[in-house]
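Participant: structure for this input, please:
(one chain, ligands or ions: 2)
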Amino acid sequence: MRRRIGRAAALALSAGLVWSFAGAGQEDWTGLFDGGGTTVDIDALLASAEGSAPEIGAIKGLTDRYWVTVAAQSSRERTKIAEAGMSIDGVEAGQVSGTADSEILAKLKEAGFRVVSAVRLSKFGPDDFPPADGVYHNYGEVQSALQGAQGAASEYASLFSMGKSGEGRDLTGIRFHRGGGEAKPGVLFMGSHHAREHLSTEVPLRLAQWLAENKDRPEVKRLLETRDIYIVPLINPDGSEYDIASGKYRWHRKNMRRNHDGSIGVDLNRNYAWGWGGRGASGNPGSDTYYGPSAFSEPESQAVRDFVEGHSNITVMLSYHTFSELVLYPWGGSDEPISDGRALAAFKVMAEKTAGMTGYRPMQSSELYVATGDTCDWAWGAKGIFCFTFELTPRSNWDGGFYPGAGAVETTVAKNIDPALYLIDLADDPYRAADGKVAAAPKPKGENPS
Ligand code: 0X9
Ligand code: ZN
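Facilitator: Ligands and ions are numbered 1, 2, ... in the order given. The predicted model follows:
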């Protein structure tokens, strides 16, 4: 039975507590109060949590997760609460709020803390963005928007599925091209390898809509007639849905693989087979940068690999991420520059030009930090594809981080149209980006793995 509000919430409200929980649409409330009406009976809550997850089994972090408010008077107490493992997302007078599982709740109880309220974060919550961020597209809305774009430019556009996610969702893409086959130079745009980076879904999705709406403009028409453009806005739909499912952002980064230790997720941007398992990636399944049990172990990264391998006309790729406002090019897994001087010159010019259009900063990925197994190292290293990672808006965590709000969408999309058109145009010969700047050298088809 689904309840809009349960006994816990009703009692909390009648007790005059202020509920600052962002997921106001939360549907599955858990929490039993002791006789006083303000304190959660943790034992009862734990007992009720035990029996409350039959639909998806005992998967750590899926059902056993609570939005918790705990009484805390001083920074010393707040530190102790953090040390028990609770995330502290909000500090109010006399109390803190954040997320915890039942193990952490038990620790807090043992340490003598008073848990004011605990609301179960259900996997089966409102399944949508918080109302204030309603302009962002969830998985279902991405499907509809892509269908809309296809319908608006049916002479060029067709939909395809790159494959299935771990939970069986389609990795839906839209292709703009004229005529059959793959004779024309190809470009692949991808968004949201990382679940919480929702703006990186919006930019490629709205690029697709923009291309459809502007198909008759001469400069757009020329590209649609002469290029093969693939756009897959949501590479990690399972993680993205999970990130919004409770009505409160979970800051989830990885996909939804159930790891052997009970933790969730592999970092898809550490799972590619180039330098896989090396620096800047973790072998700890609980880590947000877990590289997975093997290179290309994940259905989502496999789908990208198979798609790229099946479309040999792709010469340029762009993987959108957030945030920091950067344009990154390989290598990411090594401090060394790529060895082909002519290609490096082209990469640099392309990065500088697109950075000039966006106001972002161009740099070699590893200058940000060294991290192995990312999309672009594999695309360049194994396939000789000019691949860029754009870290979109905002510039910092203080400006909104992964959740910059509805206001960031239009402006970010607008400044990313010209870079996309520029890269689409260069797909026939990316080397011409730097023509005249360096002497010609033979193009290698990939380099040795680092
Ligand atoms: O760490 C990542 O995967 C990317 N940053 S994010 O904040 N979106 O997670 C950056 C990837 C750049 N590549 C390397 N530095 N290797
Ligand atoms: Zn990312």
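Participant: tell me which parts of the stretch 351-450 of the chain are close to ligand 1?
Facilitator: Applying C-beta under 6 Å from any ligand atom, we find that the stretch 351-450 of the chain lies next to ligand 1 at 365-366, 368-369, 371, 374, 389, 391. Just so you know, the C-beta spots here come from the backbone N, C-alpha and C atoms, and that holds for glycine as well.
Participant: same thing but 8 Å
Facilitator: 365-366, 368-372, 374, 376-377, 389, 391 (C-beta under 8 Å from any ligand atom).
Participant: could you do the stretch 151-300 of the chain as well?
Facilitator: 193-194, 197, 200, 253, 267, 269-270, 280, 289.
Participant: and these, which of them are buried?
Facilitator: 193-194, 197, 200, 253, 267, 269-270, 280, 289 (16 or more other C-beta atoms under 10 Å).
Participant: mind giving me the domain split of the chain?
Facilitator: Domains of the chain are assigned by automatic domain parsing as 7-123, 139-435.
Participant: any quick ChimeraX command for the buried ones out of the residues of the stretch 351-450 of the chain next to ligand 1?
Facilitator: Those of those that count as buried under 16+ other C-beta under 10 Å are selected in ChimeraX with:
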select :365,366,368,370,371,372,374,376,377,389,391
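Participant: among the residues of the stretch 351-450 of the chain next to ligand 1, which lie within strands?
Facilitator: 389, 391 (DSSP state E).
Participant: that older thread, which of the domains of the chain sits closest to A132?
Facilitator: The minimum distance between A132 and the domains of the chain falls on domain 139-435, with 6.4 Å, by C-beta to C-beta.
Participant: let's verify the residue of the chain found nearest ligand 1: helix, strand, or coil?
Facilitator: The minimum distance from the chain to ligand 1, using C-beta to the nearest ligand atom, falls at G332 (2.2 Å). Of the three states, G332 takes coil under DSSP: H, G, I helix; E, B strand; the rest coil.
Participant: pLDDT value on it, please?
Facilitator: Looking at G332, its pLDDT reads 97.
Participant: swap in G247?
Facilitator: Per-residue confidence (pLDDT) for G247: 82.
Participant: ok, it to E410 distance?
Facilitator: Distance, G247 to E410, by C-beta to C-beta, to the nearest Å: 24 Å.
Participant: quick one, which of these two is more surrounded?
Facilitator: Higher neighbour count among G247 and E410: G247, with 22 against 12, using other C-beta atoms under 10 Å.
Participant: tell me which element the more buried one falls in.
Facilitator: Using DSSP states H and E, G247 maps to neither a helix nor a strand.
Participant: M317 belongs to a strand?
Facilitator: Yes: assessed by three-state DSSP, M317 belongs to a strand.
Participant: so it is in contact with A379, correct?
Facilitator: Yes: taking C-beta atoms under 8 Å as the definition, M317 is a contact partner of A379 at 5.1 Å.
Participant: now for the buried ones among the residues of the stretch 151-300 of the chain next to ligand 1: which two are most distant?
Facilitator: By the measure C-beta to C-beta, S200 and G280 form the most distant pair in those, at 19.7 Å.
Participant: ok, A195 touching N236?
Facilitator: Yes: counting by C-beta under 8 Å, A195 touches N236, with 5.3 Å between them.
Participant: contacts only, for the residue positioned nearest the centre of the chain.
Facilitator: In the chain, the centroid-proximal residue (C-alpha atoms, centre = their mean) is H194; its distance is 2.4 Å. Contact analysis of H194 by C-beta atoms under 8 Å, 6 or more residues apart in numbering lists 200, 236, 239, 253-254, 267-269, 321-322.
Participant: overlap between these and the residues near ligand 2?
Facilitator: Applying C-beta under 5 Å from the ion to the contacts of H194, one finds that H321 fall near ligand 2.
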